[in-house]
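Trainee: I would like the atomic coordinates for the input below:
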Amino acid sequence: MKLKRLPEDFHVEELPVVAQGEPRGRFVYYRLTKRGLGTLEAIEAISRRWNVPGRRISYGGLKDRHAVTVQYLTIFEGPERPLHETSFDLEPVGRLPEPYSPSHFRGNRFVVVLRDLSPHSLDQALKAVAEVPRDGLPNYFDDQRFGSVGFGGGFIAQAWLTGDHERAFRLAMAEPNPSDRPTAKAEKAILRETWGNWAEAKSRLDRSNARSLVTYLVDHPTDFRGAFARLRRELRSLYFSAFQSHLWNLILARWIERNTREDQRVPIDFKVATLPIHHGLDPVQAELLSLSRIPLPASRSPLPDGPMREIAEEVVAEFGLSWENLRVKHLKDVFFSKGTRPALFFAENLEYSGAPDELDRRRKKLTLSFELPKGAYATLLVKRVTDAAS
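Mentor: Reported below is the predicted structural model:
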C-alpha cells in the first residue's frame, strides 16, 4: 500500500462556519490553497512577501505539508489582493470583524487515495472501512503532532517541566530531526560540535535565528532558560502541545486496553509510541468508549474520577511528573490547553470505492471521502484500513 504517491492523493479542506464575502471588519479574510508546504511555512512566506508581522496573521489549524490543502486565515488590515507563489495561492474572500481562529471552522473534508493494493488487500481494506461507522476510531493525536520530536525520542517540554532547561534548549536546537532541511542539519551539526563554546559556534553559523540565540549565550553562557524563551513562540507552543498530546494518547491507549479484550485490539506503531486500535466492539463497549471524554493533561484540567484517574496519574508519573506539575513555568506566553477530548471520533459522510490504480494497472487503489470533526486525524482512518490490508 502506498499513500501520497501524488500530493493530490491527500486532499483536505477546512469547513468554515463564517460567511464568505462579509463586507465589514478590519480583518481581511483569505482562502489559502497550498501544495507540498506546511501551514507555518506558508504563513512565514506570506509575512515576508507582504512585509506583514506574523502577529497580524491568524489561522484555524495546521495542515499537512505532504498534501493539497485548503484552509482560511485573516490578516489584520491585510492587502485585498491575491498572492500566487509556486507552492500556494492566497485569495481574499471577504472581511471579518475578528481574527480567524479554530472556533471559525467545524471540521475538515478529506479525499484520500491509497494505491498499489493487491486485489486481496483491497478486499480486506473495504471490509475494514465498512466497520468504521460502527466502531469509530481512537481519537489519538497522530504523527503530524510530533514533528518536533527528534531521532532520540526526547520531548522538549518534558525536559523543561523537570527543570532541565539546558536539555530542553539542546533538544530544540541541536537534536537531529527527520524533517530537518539541509540548512537546519548543518546548523545542528555545528551546535552539537561546539556546544558550550558559544563564541566558536557564533563564528561558524551564518546569519540565522540560531546565530542570534548563540549570540545571547556568548554573553549569558549558562542562561539556557533565557535562550529558550527567545525561541519563536509558535515553536515553543508546538513543543508543549506535542508532550501534552503524547500523554493524552497514552491515557487513551490504556483506557482502550482496560475496556477491550486482547483479540479486539491491533497494536499500531506510531512515531513515538505503539498504540492499540480497537475493532469488533460489542454494544456495551461501544457505548462506554463513545461516551468517554479524557482530560487534556494539565494542572488546570480536573482529574477524572475512578479508573481513568488511576491511569492518568500512572502515565504522568512515568515521566517523573505529577498532574499538578503540568503547568508551564517561566514562560508567560505558552501554556497547556485545558478541557477534555472525546476518546473516539466518527467519520461523517463516509464514501469509498475501489478501482484499478492508473499509476500501475496491475494494482488497485482505494478512494476514501469523508468529513471529520476538528482535531481528528484522517491518518487514523488510513492506519486502520492499511493494517487490515497488510
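Trainee: doesn't Tyr140 lie inside a strand?
Mentor: No. Secondary structure of Tyr140, determined by DSSP: H, G, I helix; E, B strand; the rest coil: coil, with no strand assignment.
Trainee: tell me the contacts of it?
Mentor: 249, 252-253, 270, 275, 377, 380 (CB atoms under 8 Å, 6 or more residues apart in numbering). C-beta coordinates here come from the backbone N, C-alpha and C atoms, glycine included.
Trainee: rerun that using 7 Å as the cut-off
Mentor: 249, 252, 275, 380 (CB atoms under 7 Å, 6 or more residues apart in numbering).
Trainee: what's the answer for Asp143, then?
Mentor: 270-271.
Trainee: 8 Å instead, please
Mentor: By CB under 8 Å, 6+ apart, the contact set of Asp143 is 270-272, 379.
Trainee: so can I have CSV of those residues showing distance to Val68 and secondary structure?
Mentor: Formatted as CSV, the contacts of Asp143 follow (distance: CB to CB, whole Å; DSSP: H, G, I helix; E, B strand; the rest coil):
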residue, distance to Val68, secondary structure
Phe270, 24, coil
Lys271, 23, coil
Val272, 27, coil
Thr379, 15, helix
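Trainee: for the nearest residue to Thr162 once chain neighbours are set aside, grab the count of nearby residues.
Mentor: Of all residues beyond its chain neighbours, the one nearest Thr162 is Gly320 (5.6 Å), with distances taken as CB to CB, 6 or more residues apart in numbering. Gly320 has 10 neighbouring residues, counting by other CB atoms under 10 Å.
Trainee: does anything pack onto the helix or strand harbouring Trp255? Which helices or strands?
Mentor: Trp255 belongs to helix 233-259 when assigned by DSSP states H and E. Judged by 3 or more CB pairs under 8 Å, 6 or more residues apart in numbering; DSSP states H and E, the packing partners of helix 233-259 are strand 137-138, helix 156-161, helix 165-174, strand 274-278, helix 283-291, strand 293-295, helix 306-317.
Trainee: if you set the cut-off to 6 Å instead, what comes out?
Mentor: helix 156-161, strand 274-278, helix 306-317 (3 or more CB pairs under 6 Å, 6 or more residues apart in numbering; DSSP states H and E).
Trainee: helix/strand/coil for the residue nearest the centre of the chain?
Mentor: Of all residues in the chain, the one closest to the mean position by CA atoms, centre = their mean is Arg145, 2.8 Å from it. Classification of Arg145 using three-state DSSP returns helix.
Trainee: surely it touches Ser245?
Mentor: Yes. Arg145 is within contact range of Ser245, at 4.8 Å (criterion: CB atoms under 6 Å).
Trainee: the closest residue to Gln71 other than its chain neighbours is in what secondary structure piece?
Mentor: Excluding the flanking residues, the one nearest Gln71 by CB to CB, 6+ apart is Glu14, at 4.4 Å. Using DSSP H and E, Glu14 sits in strand 10-16.
Trainee: list the helices and strands the next helix or strand after that strand packs on?
Mentor: Tracing the chain past strand 10-16, the next element assigned as helix or strand by DSSP H and E is strand 27-35. Under the contact criterion of 3+ CB pairs under 6 Å, 6+ apart, strand 27-35 touches strand 68-76, strand 88-96.
Trainee: out of these, the one nearest Thr222 is which?
Mentor: strand 68-76 (39.1 Å; CB to CB).
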